[in-house]
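Visitor: Sequence and predicted model, in that order:
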Amino acid sequence: MMFKNVFAIAVAATIFMTSCGSDEANVSVEKINSTGETELGLIKSTLTDDEANLLGNMPEYSAAAPGTAEKIERAFENAPPMIPHMTTGFFPITIDNNICLTCHMPDKAEAVKAVPLPQSHFTNLRPEVIKVGGLYKVNAKEGEVTKKDMGGKLNSAYFNCSQCHVPQANVTVDIKNTFERVFRDKESGSKSNLVDQITEGI
């Protein structure tokens, strides 16, 4: 009985406080919820526009030939670098057809002034799976990072370059980016040391 009384008083107090809210508070809620359900936030179009209007201004991708474009510094240490040159005809990338490898394999990169693939792309980081007592288990200790050098053979887990690397583009962003890049050494802005740093924090 006492619980019912306390509950009834709490409900009544909530209703009273809600009904006594200021007009200013109500106005601010209306402003927050003023976007119609067919509008798209920062995009200056609606869901009912055709595709051309919906996309607005498309990014301007580089049309420079490989080896001639200005490169944008990495977003953070060991971030996958962006593709500075044109990529027309490069996609789709398949495990049997990858035009990127014609220039970026280490034995070819220097001759064509391309960035060579880093050692991480020639390292197997997946632990060996073994069978013990009829069950399969990972052959590594808890928290252990296994690294196996593949002797210059590209790890097939890295065949799809566009999974991590995207073309550079000139874009306008309405939201200010306050992120500040900090690199531990000069080379980190343009070179990968991931294979050496992969165990950090473990």
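Guide: Arrived safely, thanks for sending. Numbering: from 1, shown residues only.
Visitor: how long is stretch 118-128 from one end to the other?
Guide: The straight-line separation of the ends of stretch 118-128 (Cα to Cα, to the nearest Å) is 22 Å.
Visitor: Considering helices and strands only, name the one in this structure with the lowest mean pLDDT.
Guide: The weakest-scoring helix or strand in the chain, judged by mean pLDDT, DSSP states H and E, is helix 23-32 (a mean of 51).
Visitor: Which residue, neighbours along the chain excluded, lies closest to the residue nearest the centre of the chain?
Guide: For the chain, the residue sitting closest to the mean C-alpha position, by Cα atoms, centre = their mean, is residue 164 at 7.6 Å. Taking Cβ to Cβ, 6 or more residues apart in numbering, and ignoring the residues beside it in sequence, residue 164 has residue 80 as its nearest neighbour in space, at 4.0 Å. (Glycine included, C-beta is placed from N, CA and C.)
Visitor: Hmm, residue 165 and that neighbour touching each other?
Guide: Yes. Counting by Cβ atoms under 8 Å, residue 80 sits close enough to residue 165 to count as a contact (5.1 Å).
Visitor: For the chain, which segments count as helices?
Guide: For the chain, applying DSSP state H gives helices covering 2-19, 23-32, 51-55, 101-104, 106-112, 194-197.
Visitor: Comparing the ones you listed by mean pLDDT, which bottoms out?
Guide: Looking over the helices of the chain, mean pLDDT reaches its minimum on helix 23-32, with a mean of 51.
Visitor: Local confidence estimate at the residue nearest to residue 164?
Guide: Predicted confidence (pLDDT) for residue 80: 94.
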